[in-house]
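**Student:** return atomic coordinates for the entry below.
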Amino acid sequence: MSAHIEPQIIKQDGKPAFAVIPWNEYQKLLTNQIESDESDVWFPNEVVKANVRGDSLIKAWREHLKLTQAELASKAGMKQSALARLESNTTNPRKSTLLKLAEAMGITVDQLID
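**Tutor:** Predicted structure coming up:
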């Protein structure tokens, strides 16, 4: 039996209404394993405004999510003083640090990169 690998489109009233996709593609969608490009990155208006006025994206997201520095630092497994330095835009954080912060805030690393 050959596997069906192309999406199947189900129409209602002559218009596409549903897409049936292979299970592994569905699993990738659920776990965000599909490659993303810059057009997939989303920012709330408040985060953009804060970043334009000079706040780092880390600080802008933290404030948007209504977290204190202490709360975010604790969630990310770092000291509050280290987070304060990262928010000041005077250091370039490592990718591993950005990953911890993104996971702690429930966003992607791409949303923390200027």
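
**Student:** can you tell me how far T91 sits from W61?
**Tutor:** Distance of T91 to W61, given as C-beta to C-beta, to the nearest Å: 17 Å. No exception for glycine: its C-beta is placed from N, CA and C like everyone else's.

**Student:** which one's more surrounded, these two?
**Tutor:** Between T91 and W61, counted using other C-beta atoms under 10 Å, W61 has the larger neighbour count: 25 against 12.

**Student:** check the more buried one and give its pLDDT.
**Tutor:** If you check W61, the pLDDT there is 96.

**Student:** so it is in contact with V48, correct?
**Tutor:** No: with contact defined as C-beta atoms under 8 Å, W61 does not reach V48; the gap is 10.9 Å.

**Student:** ok, E87 touching L67?
**Tutor:** No: between E87 and L67 there is no contact under C-beta under 8 Å: 11.6 Å.

**Student:** which parts of the chain are helices?
**Tutor:** All helices of the chain, identified by DSSP state H, fall at 23-31, 45-52, 57-64, 69-76, 80-87, 95-105.

**Student:** do you know how far the nearest residue to A60 once chain neighbours are set aside is from A82?
**Tutor:** Take A60 and drop its neighbours on the chain: the residue closest to it by C-beta to C-beta, 6 or more residues apart in numbering is A50, 3.6 Å away. Separation of A50 from A82 (C-beta to C-beta): 20 Å.

**Student:** and what of A73?
**Tutor:** Computed as C-beta to C-beta, the A73 to A82 distance reads 7 Å.

**Student:** what's the answer for E25, then?
**Tutor:** 39 Å.

**Student:** cool, Q12 as well?
**Tutor:** 54 Å.

**Student:** ok, now A17?
**Tutor:** For A17 relative to A82 (C-beta to C-beta), the value is 50 Å.

**Student:** these two: who's more crowded?
**Tutor:** More crowded of A17 and A82, by other C-beta under 10 Å: A82, with 15 against 10.
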